[in-house]
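Chemist: Predicted coordinates and the sequence they were generated for:
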Amino acid sequence: MPDLSTTYLGLKLKNPLVVSASPLSKRVETVQRLEEAGASAVVMYSLFEEQVTFETRQLDHFVERSANHHAEALSYFPNMPFYNFGASTYLTHLENVKKAVSIPVIGSLNGVSSGGWLDYARKIEAAGADALELNIYYLPTDPKISSQTLEENYVELVYSVRSSLKIPLAVKLSPFFTALPYMARRFTEAGANGLVLFNRFYQPDFDLENLSVVPNLELSTPQELRLPLRWIAMLYGRIQADFALTGGVHSAQDVVKAMMAGASVTMLASELLANGVGRLKTILANLEHWLVAYEYDSISQMKGSMSQLHCAEPSAFERANYMRALTTFDHQLF
């Protein structure tokens, strides 16, 4: 049988199928089922900066209120069920997941600013996480803030988190940077051990009857694979980091494409949410069958084989493919 093992963030994984941050990690029993179905690692659902700051404000409120009472009152805190709004519960759940499974568990922090909430990076490490994924999601709306200012803030954020951790750090990015290769290099220089491409772009919808903005987050489709596939193929070998491809992974063929582009792992959730945890077994079986059929001994044998690492002029190559794509339907013109 072909060797499906791979290495990501210094973690030796039995195969390249990692469950991405999603509701799938919110129940210990589900994570156990993911492991049994073949997942090599799981990324916990994200702990948001807003959850941490909310909890901190709540604690400050009750401490200040207690100070106005007699001395004995200083010893009591709010009821724990209320206090465990999110951050504290997250750490407890992470500890429970770690005890229940043997595969690596990667914590996830979602935020954009430096500050006291970053203490939770250390707390996630202390709770037993094998690595941390820092999910940077921010939609700039202020026309006075330049891209340079935002990018420097992002780099400083990564540096701050890296400085506080001993475990590996991955950074999950948006594709919307003017010079993505430059930012990828900056993030690795700031201490990122891996880059996760890409964060999904939140696009709300309008409710015309109630005249309100409503959330509208749809599951991914295989067509979404092309964007991260393209960028990983361009960055592989040029940026000293492990790459995780996320978004659009639904089949064994998608996994093969990601590996050939240069990814160390693929991350998936939509396929499992839509069709069940058992899909992992099917994808793994199909992956083994593909490798045997095309005479590959291992996953590592194909890694980066379709990347641009050996292309002398990547920009010219991309322009040429762009022009070819535009002429695809020329033969159908009358």
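Modeler: Perfect, I can see it now.
Chemist: Can you get me a residue count around Ala192?
Modeler: 28 (other CB atoms under 10 Å). C-betas here are computed from N, CA, C, even on glycine.
Chemist: Asn216 too?
Modeler: What Asn216 shows, counting by other CB under 10 Å, is a neighbour count of 11.
Chemist: so it sits right up against Asp207, yeah?
Modeler: No - in this structure Asn216 lies outside contact range of Asp207 using CB atoms under 8 Å: 9.9 Å.
Chemist: For the chain, name the helix or strand with the lowest mean pLDDT.
Modeler: Least confident helix or strand of the chain, by mean pLDDT, DSSP states H and E, is helix 80-83 with a mean of 38.
Chemist: Average pLDDT for whichever helix or strand comes after it, rounded please.
Modeler: Heading C-terminal from helix 80-83, the first helix or strand you meet, by DSSP states H and E, is helix 87-100. Average pLDDT, helix 87-100: 95.
Chemist: What does Leu211 show for phi and psi?
Modeler: Dihedral angles of Leu211 (phi, psi; degrees, to the nearest 10) stand at phi 50, psi 60.
Chemist: contacting residues for it?
Modeler: Listed by CB atoms under 8 Å, 6 or more residues apart in numbering, Leu211 has no contact partners.
Chemist: per-residue pLDDT, it?
Modeler: Leu211 is given a pLDDT of 93.
Chemist: Phe48 versus that one, what's the distance?
Modeler: Distance, Leu211 to Phe48, using CB to CB, to the nearest Å: 27 Å.
Chemist: same deal with Leu287?
Modeler: Per CB to CB, Leu287 is found 33 Å from Phe48.
Chemist: For Pro140, which non-adjacent residue is closest in space?
Modeler: Leu150 (5.9 Å; CB to CB, 6 or more residues apart in numbering).
Chemist: burial measure for the one you found, as a count.
Modeler: 15.
Chemist: And for the one 5 residues further on?
Modeler: Val155 is flanked by 18 other residues according to other CB under 10 Å.
Chemist: how near is it to Glu36?
Modeler: 40 Å.
Chemist: Equivalent analysis for Thr246, please.
Modeler: Counting by CB to CB - Thr246 and Glu36 are separated by 22 Å.
Chemist: Equivalent analysis for Asn216, please.
Modeler: 33 Å.
Chemist: Same check on Asp254?
Modeler: From Asp254 over to Glu36 (counting by CB to CB), the distance is 22 Å.
Chemist: Looking at the two now, which is surrounded by more residues?
Modeler: When neighbours are counted by other CB under 10 Å, Asp254 and Glu36 differ, and Asp254 comes out ahead with 20 against 13.
Chemist: you'd agree the more buried one is in a helix?
Modeler: Yes - counting by DSSP: H, G, I helix; E, B strand; the rest coil, Asp254 falls inside a helix.
Chemist: Test my guess that it contacts Thr266.
Modeler: Yes - if you go by CB under 8 Å, Asp254 and Thr266 touch, sitting 6.9 Å apart.
Chemist: What residues sit buried inside the host helix or strand of Ala233?
Modeler: Assigned by DSSP H and E, Ala233 belongs to helix 226-235. Residues of helix 226-235 classed as buried: 228-235 (neighbour count, 16 or more other CB atoms under 10 Å).
Chemist: got any ranges where the stretch 51-200 of the chain has weak pLDDT?
Modeler: 54-85 (pLDDT under 70).
Chemist: who's in contact with Phe243?
Modeler: 194-197, 232, 235-236, 262-264.
Chemist: if you set the cut-off to 10 Å instead, what comes out?
Modeler: If you count contacts by CB atoms under 10 Å, 6 or more residues apart in numbering, Phe243 has them with 8, 170, 184, 194-197, 228, 231-233, 235-236, 258, 261-266, 303-304, 307.
Chemist: All good on my end, thank you.
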